[in-house]
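A.B. asks: The sequence and its predicted three-dimensional model are supplied below.
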Amino acid sequence: MKPFALLGRAVLAALAMIGRIALFAVDAVSHMLRPPFYGREFLSALMNIGWLSLPVVGLTAVFTGGALALQIYAGGSRFNAEAVVPQIVAVGVVRELGPVMVGLMIAARVTSSIAAEIGTMKVTEQIDALVTLSTHPMKYLTVPRVLAGLIVVPGLVAVGDIIGVFGGYAVATGTLGFNPAAYIRNTVDFLEPLDVISSLTKGAFFGFAATLMGCYHGMHSGRGAMGVGRATKTAVEGAAVLILAANFVLTGVFFTL
């Protein structure tokens, strides 16, 4: 029975962590609706999450769009369906690749940074100092970052979608022989408002999840350098899994239900 006992303990530990994260999320949302609000921390989080993430999002998006165009052209040529490259690139980037790619980039760049920063503050007892100064750590550290992620990541997703489609356009017109005007017309005609709405909605969920996981694991970091490193690793893993799971659920909600 020992293997079953180990499995049961692992499942119970996972469920307990899910419950703690859910309560942490509810607490964070409730604090968003009550003063005080730290505007300087919010603006700093907007800059770190949004503006400073643009280079990596743009580079990833343009290469992803270009590679997608090449793959679709190569696959479509087996069935004499090369002409569908503009439509499939547009739908693939806007519905799926753009939001997920940006979400994972934010998890890699922002979640790790938040977890390491807050974890270091906990190790060096700066969070205890905030409490001593009558400053609620949830309001000062978590709420500005989570709110910034909720607001700015949809914008990053929109930029990633545009650049990703442009990457496909550049490869298709520069290498594969597509007519530029026809490519743009097919892209615009094939996309629907629901595609864009679903992409931006996913971006909001992914931004919330990525920043929330960074704050949660930073707040619950262990002591010492090893504890901060473990918290950072766990935060990135949790954010990536949560983003992919949320993507599956949201895709089902928008396009199958």
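C.D. replies: Structure received.

A.B. asks: How much space separates the spatially closest residue to residue 215 that is not a sequence neighbour from residue 219?
C.D. replies: With Cβ to Cβ, 6 or more residues apart in numbering as the criterion, residue 215 has its nearest non-adjacent residue at 4.3 Å, and that residue is residue 142. (Glycine included, C-beta is placed from N, CA and C.) If you measure residue 142 against residue 219 using Cβ to Cβ, to the nearest Å, the figure is 7 Å.

A.B. asks: Comparing those two, which shows the higher neighbour count?
C.D. replies: Ranked by neighbour count (other Cβ atoms under 10 Å), residue 142 and residue 219 place residue 142 first, with 26 against 19.

A.B. asks: now the helices for the stretch 51-200 of the chain?
C.D. replies: Secondary structure of the stretch 51-200 of the chain, counting by DSSP state H, counting those that start in this stretch: helices at 54-76, 85-91, 98-106, 112-123, 126-132, 137, 143-174, 180-190, 193-219.

A.B. asks: quick one: buried residues of the fifth one?
C.D. replies: What that stands for is helix 126-132. For helix 126-132, burial by neighbour count (16 or more other Cβ atoms under 10 Å) applies to 127, 130.

A.B. asks: Any chance you could give me that helix in CSV, C-alpha atoms only?
C.D. replies: The C-alpha coordinates for helix 126-132 follow below in CSV (Å, rounded to 0.1, in the frame of the first residue of the first chain):
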residue,chain,number,x,y,z
GLN,A,126,11.7,43.7,4.0
ILE,A,127,8.2,42.4,4.0
ASP,A,128,8.2,42.3,7.8
ALA,A,129,9.4,45.9,7.7
LEU,A,130,6.4,46.9,5.5
VAL,A,131,4.1,45.4,8.1
THR,A,132,5.9,47.3,10.8
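
A.B. asks: So which elements touch the very next helix or strand once past that helix?
C.D. replies: Sequence order places helix 137 as the next helix or strand after helix 126-132, per DSSP states H and E. Counting by 3 or more Cβ pairs under 8 Å, 6 or more residues apart in numbering; DSSP states H and E, the packing neighbours recorded for helix 137 are helix 126-132.

A.B. asks: Now do the same contact list for residue 85.
C.D. replies: Residues near residue 85 by Cβ atoms under 8 Å, 6 or more residues apart in numbering: 69, 72, 73, 76, 168, 172, 176, 178, 183.

A.B. asks: give the contact list for the residue most central in space within the chain.
C.D. replies: Closest residue to the average C-alpha location of the chain: residue 103 at 2.1 Å, with Cα atoms, centre = their mean. For residue 103, the contact set (Cβ under 8 Å, 6+ apart) comprises 153, 157, 202, 203, 206, 207, 209, 210, 243, 247.

A.B. asks: do that again at 10 Å, thanks
C.D. replies: Shown in contact with residue 103 (Cβ atoms under 10 Å, 6 or more residues apart in numbering): 153, 156-157, 160, 202-203, 205-207, 209-210, 239-240, 242-244, 246-247.

A.B. asks: Next: residue 236.
C.D. replies: Shown in contact with residue 236 (Cβ under 10 Å, 6+ apart): 104, 107, 108, 109, 110, 111, 112, 115, 210, 213, 214, 217.
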